[in-house]
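In: Quick one: sequence and predicted model below, then my questions.
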Amino acid sequence: MSEDTRWMSEAAKWYVIHTYSGYENKVADTIEKAVENRKLSNLIHAVKVPVEKVIEIVDNQEKEVERKLFPGYVLVKMIMTDDTWYIIRNIRGVTGFVGPGSKPVPLSDSEVESLGIEKTAVISLNYKVGDNVMITDGPLENFIGVVDLIETDKNLVRVLVSMFGRETPVELELRQVAPV
């Protein structure tokens, strides 16, 4: 049995690649270009640099910035073959795969789920823009307002709530409101 067939799996799995610090985005871009140029989309499915958005206060001004959750690491969903291993391993800035010796170890399903890499939950809402809703959680619990904006990909709903005689937009998670 060749290395190629031994590493091959039925489905693509997530692998962790170690990179030089600060090279994460450059490595991810280079992998995506290699996939496109070599027509490897059937073997390398996705490349991610996990980030979180945080608010930093600089000179008394709030600024939203992205911070890498795992500096020095890039996640790749791929079918492991000798070719894909070689291509990834030889990208400038990559120091290797995470795993013992030279054998990459895929993330387990529970690790993928806990990292939130793949969001497979389908969101179905029982309200739409213009509907009256009640806020069910948070500091404005039991306030009633009108849905102004829904962004399911960001898990966000903006509700106009009447406070102090004026309409005030409030951004909430989709689960924090219910139709009236």
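Out: Nice, I can see it. Remember, predicted model here, so these are calculated numbers, not experimental data.

In: Can you name the secondary structure element that comes next after the helix or strand bottoming out on mean pLDDT in the chain?
Out: When the helices and strands of the chain are scored by mean pLDDT, DSSP states H and E, helix 3-7 comes last with a mean of 42. Counting by DSSP states H and E, the next helix or strand C-terminal to helix 3-7 is strand 13-19.

In: Walk me through which strands that following strand pairs with, and which way each runs.
Out: Strand 13-19 pairs in its sheet with strand 73-78 (antiparallel), strand 94-97 (antiparallel), by DSSP bridges.

In: Take these and lay them out in a markdown table including mean pLDDT and mean neighbour count.
Out: Where you see a C-beta, it was placed from the backbone N, CA and C, and this is true even at glycine. As requested, the strands paired with strand 13-19 are exported to a markdown table (pLDDT from 0 to 100; neighbours: other C-beta atoms under 10 Å):
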| stretch | mean pLDDT | mean neighbour count |
| --- | --- | --- |
| strand 73-78 | 94 | 22 |
| strand 94-97 | 92 | 16 |
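
In: In CSV: those, plus distance to residue 154.
Out: Formatted as CSV, those follow (distance: least, C-beta to C-beta, whole Å):
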stretch, distance to residue 154
strand 73-78, 20
strand 94-97, 31
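
In: Of the ones you listed, which is nearest residue 49?
Out: For the strands paired with strand 13-19, proximity to residue 49 was assessed by C-beta to C-beta; strand 73-78 is nearest, at 5.6 Å.

In: Can you name the element that comes right after the closest one?
Out: helix 82-89.

In: Pop the domain breakdown of this structure in here.
Out: 3-115, 132-179 (automatic domain parsing).

In: and those as a markdown table, adding distance to residue 126?
Out: Below are the domains of the chain laid out as a markdown table (distance: least, C-beta to C-beta, whole Å):
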| stretch | distance to residue 126 |
| --- | --- |
| domain 3-115 | 26 |
| domain 132-179 | 6 |
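
In: Worst mean pLDDT among these?
Out: Sorting those by mean pLDDT places domain 3-115 lowest, at a mean of 85.

In: which non-adjacent residue is nearest residue 146?
Out: residue 160 (4.9 Å; C-beta to C-beta, 6 or more residues apart in numbering).

In: For the one you found, identify the helix or strand it belongs to.
Out: Using DSSP H and E, residue 160 falls within strand 156-163.

In: For residue 48, see how far away the most centrally placed residue in the chain is.
Out: The centre of the chain sits closest to residue 117, judged by C-alpha atoms, centre = their mean, with a distance of 5.1 Å. Distance of residue 117 to residue 48, given as C-beta to C-beta, to the nearest Å: 6 Å.

In: list the residues that contact both of these two?
Out: Shared contacts of residue 117 and residue 48 (C-beta atoms under 8 Å, 6 or more residues apart in numbering): 75, 77.
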